[in-house]
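1. Curious how this folds, go ahead:
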Amino acid sequence: MSFLRKRRGVSGIISGLFLVAVAVMIFNVLAWQFFQYDAYHRILLERDQREWERFNERLTIANVQGGVNTLRFDVINYGSVSAQITDLYLTNLSATPYSQSRHSLNIWIAPGTAKTIDTGATIEVGDTYRFIITTARGNAFAPIQSTVNETLPGGSQPAPFIFGFGYDDLQYYKDGQWRPAWKIPGGGKYRMRIFLNNTYAKDVRIQAAYSRMTFHLDDFQSGNRRYCALDGDQVVSARTGQYVYFQEHDSNLFNEKRYYLFIELFYNFVGETETYGAAVAILSILTYP
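-> Okay, here's the model as predicted:
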């Protein structure tokens, strides 16, 4: 009888240990599932974060400067994350076959900022290139104008000057101040200036001996022209824009007239002697009393 009571006590202990073991196993399984789900959820969040950062990494390439031995350009970060530029891929389109090269970069640019990058990649004057830059997140960016050193717009004598028609891009000088010249007071003579963009990959010298700004009345009658001589030789740097200055008119403008304005430019590349010609026309200028 005593032996049976002892066996019943042992079986109770064994049953209790078995229940504890089962409970521990169930807890371990639940804990493992919880930790696995947490790790999986964390990986998803990290992936989504990387995708969000990659999508919001947005760069613009501007002011590409070729013909200066090495490739330089500005990068503007208009995205919402910092970007690390890691590689430059450069293709020489003038070589046969095309010559491709990779250049390592390590440049950080914060959101909303711009930075000028001197890549150190050697380029040959007269050759045409295409390039892209890549980032650590795997994005690739190319300039809007995808080629460098390409003669624009083409042909044996390209027209290199672009007028942007901005409100302050054409101005006259009066009472110690430069003012927009879309309407000009009649009865006077004024100095003039115009903002021109040089699309060449070379510096251009505009020649004062031949260049001028010409005002024509809209009837084009003889004797109704007015001239502004160029105010000395002026150099416009490669792929940049700047104001070009002219002297006062040779005689007063008429009151309450509409003028057609033509800018006659003769120029040469800095360091070269050949003279080229170009014209910029703006329609039209009003005078008032």
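
2. how about the strands of the stretch 51-200 of the chain, start to end?
-> 59-65, 70-77, 83-92, 99-109, 114-122, 129-135, 140-141, 147-148, 161-163, 170-174, 177-180, 183-185, 191-198 (DSSP state E, counting those that start in this stretch).

3. In terms of mean pLDDT, which of these ranks lowest?
-> Least confident of these, judged by mean pLDDT, is strand 147-148 with a mean of 62.

4. still on that earlier bit, next, format the strands of the stretch 51-200 of the chain as JSON lines and append mean neighbour count.
-> Backbone N, C-alpha and C define where each C-beta goes, glycine included. Listed next are these as JSON lines, based on neighbours: other Cβ atoms under 10 Å:
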{"stretch": "strand 59-65", "mean neighbour count": "17"}
{"stretch": "strand 70-77", "mean neighbour count": "18"}
{"stretch": "strand 83-92", "mean neighbour count": "18"}
{"stretch": "strand 99-109", "mean neighbour count": "13"}
{"stretch": "strand 114-122", "mean neighbour count": "14"}
{"stretch": "strand 129-135", "mean neighbour count": "20"}
{"stretch": "strand 140-141", "mean neighbour count": "14"}
{"stretch": "strand 147-148", "mean neighbour count": "20"}
{"stretch": "strand 161-163", "mean neighbour count": "18"}
{"stretch": "strand 170-174", "mean neighbour count": "20"}
{"stretch": "strand 177-180", "mean neighbour count": "12"}
{"stretch": "strand 183-185", "mean neighbour count": "17"}
{"stretch": "strand 191-198", "mean neighbour count": "20"}
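
5. Reformat these as JSON lines; add distance to residue 25.
-> Formatted as JSON lines, these follow (distance: least, Cβ to Cβ, whole Å):
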{"stretch": "strand 59-65", "distance to residue 25": "55"}
{"stretch": "strand 70-77", "distance to residue 25": "54"}
{"stretch": "strand 83-92", "distance to residue 25": "48"}
{"stretch": "strand 99-109", "distance to residue 25": "52"}
{"stretch": "strand 114-122", "distance to residue 25": "59"}
{"stretch": "strand 129-135", "distance to residue 25": "49"}
{"stretch": "strand 140-141", "distance to residue 25": "52"}
{"stretch": "strand 147-148", "distance to residue 25": "68"}
{"stretch": "strand 161-163", "distance to residue 25": "78"}
{"stretch": "strand 170-174", "distance to residue 25": "86"}
{"stretch": "strand 177-180", "distance to residue 25": "84"}
{"stretch": "strand 183-185", "distance to residue 25": "90"}
{"stretch": "strand 191-198", "distance to residue 25": "77"}
